[in-house]
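*Asks:* Fold the stuff below for me.
(2 chains)
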Amino acid sequence: EAQVTQNPRYLITVTGKKLTVTCSQNMNHEYMSWYRQDPGLGLRQIYYSMNVEVTDKGDVPEGYKVSRKEKRNFPLILESPSPNQTSLYFCASSSQDGYEQYFGPGTRLTVT
Amino acid sequence: DAKTTQPPSMDCAEGRAANLPCNHSTISGNEYVYWYRQIHSQGPQYIIHGLKNNETNEMASLIITEDRKSSTLILPHATLRDTAVYYCIAPHPYNTDKLIFGTGTRLQVFP
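*Replies:* Residues are numbered from 1 along each chain as shown, chains lettered A, B, ... in the order given. Got it, this is the predicted structure:
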């Protein structure tokens, strides 16, 4: 089954404790991205990657890092999480010549 | 990206057609219109997209006006499971991977 998976689905952590949210897709898609969703603000893009070893900032990249060492994986790293990064996070992927983006199930992060 | 405007909420009776409007008066000639929906807090789901011709797939129909300034997403026989937030998006043609989600239309299907 074609899918985008994220782990963990729920995470409660404390300020400053480094964490990684994994994202993996099994569709051989070139493009992957991360969004965060906050009430009243819709989904905002954090980082995106056009292919392996190619990443770029989205609209709200501050406080986040990403890497794309393999085509299927695109982890989101929070080196020093802060409470304003409490949010619902989505990973998405698409093929270069496709119109449809596939989204993961989401990761609900709470930073206290 | 063309700015899109949608009503914040709509209701629809189960079994009836749900018609969700979207205004995109600043859309350029080569910008597609995409529709996604998000059920509760799940990941957004692609529904349909179009340029200037009407489109239909197994989920919905998309009617785009001749001047392309507005469009309507039609769910022909709405079910309770269609209750969701529906997003109309018109990404830049050279950056169709970057989707800018607004606040969308919250569709409530009632029995």
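*Asks:* any idea how far the closest residue to residue B:31 other than its chain neighbours lies from residue B:11?
*Replies:* Here the nearest residue to residue B:31 in space, its sequence neighbours aside, is residue B:90; by Cβ to Cβ, 6 or more residues apart in numbering or on different chains that works out to 4.9 Å. Where you see a C-beta, it was placed from the backbone N, CA and C, and this is true even at glycine. Here residue B:90 is placed at a distance of 26 Å from residue B:11 (Cβ to Cβ, to the nearest Å).
*Asks:* For chain A, give the residue positioned nearest to chain B.
*Replies:* Relative to chain B, the nearest point of chain A is residue A:103 (3.1 Å; Cβ to the nearest Cβ).
*Asks:* thinking again about what came up before, neighbour count winner among residue B:90 and residue B:11?
*Replies:* The neighbour count for residue B:90 versus residue B:11, taken as other Cβ atoms under 10 Å in any protein chain shown, is higher for residue B:90 (24 against 11).
*Asks:* per-residue confidence for the more buried one?
*Replies:* On the pLDDT scale, residue B:90 is placed at 84.
*Asks:* remind me which residues of chain B are low pLDDT?
*Replies:* B:1-2, B:93-97 (pLDDT under 70).
*Asks:* Tell me where it has strands.
*Replies:* B:9-13, B:18-23, B:33-38, B:45-50, B:55-56, B:61-64, B:70-75, B:84-89, B:105-110 (DSSP state E).
*Asks:* looking at these, which is closest to residue A:94?
*Replies:* Evaluated with Cβ to Cβ, these place strand B:45-50 nearest to residue A:94, the distance being 9.2 Å.
*Asks:* What pairs with that closest one, parallel or antiparallel?
*Replies:* strand B:33-38 (antiparallel) (DSSP bridges).
*Asks:* now what about the strand it pairs with, what contacts it?
*Replies:* A:99, A:101, B:4, B:22, B:24, B:27, B:44-51, B:60, B:62, B:64, B:71, B:73, B:84-91, B:99, B:101, B:104 (Cβ atoms under 8 Å, 6 or more residues apart in numbering or on different chains).
*Asks:* ok, now stretch B:46-66?
*Replies:* For stretch B:46-66, using Cβ under 8 Å, 6+ apart, the contacting residues are A:99-102, B:30, B:32-37, B:68, B:70-76, B:86.
*Asks:* Sort out which residues of that stretch are buried, please.
*Replies:* For stretch B:46-66, a neighbour-count test (16 or more other Cβ atoms under 10 Å in any protein chain shown) marks B:46-50, B:55, B:60-64 as buried.
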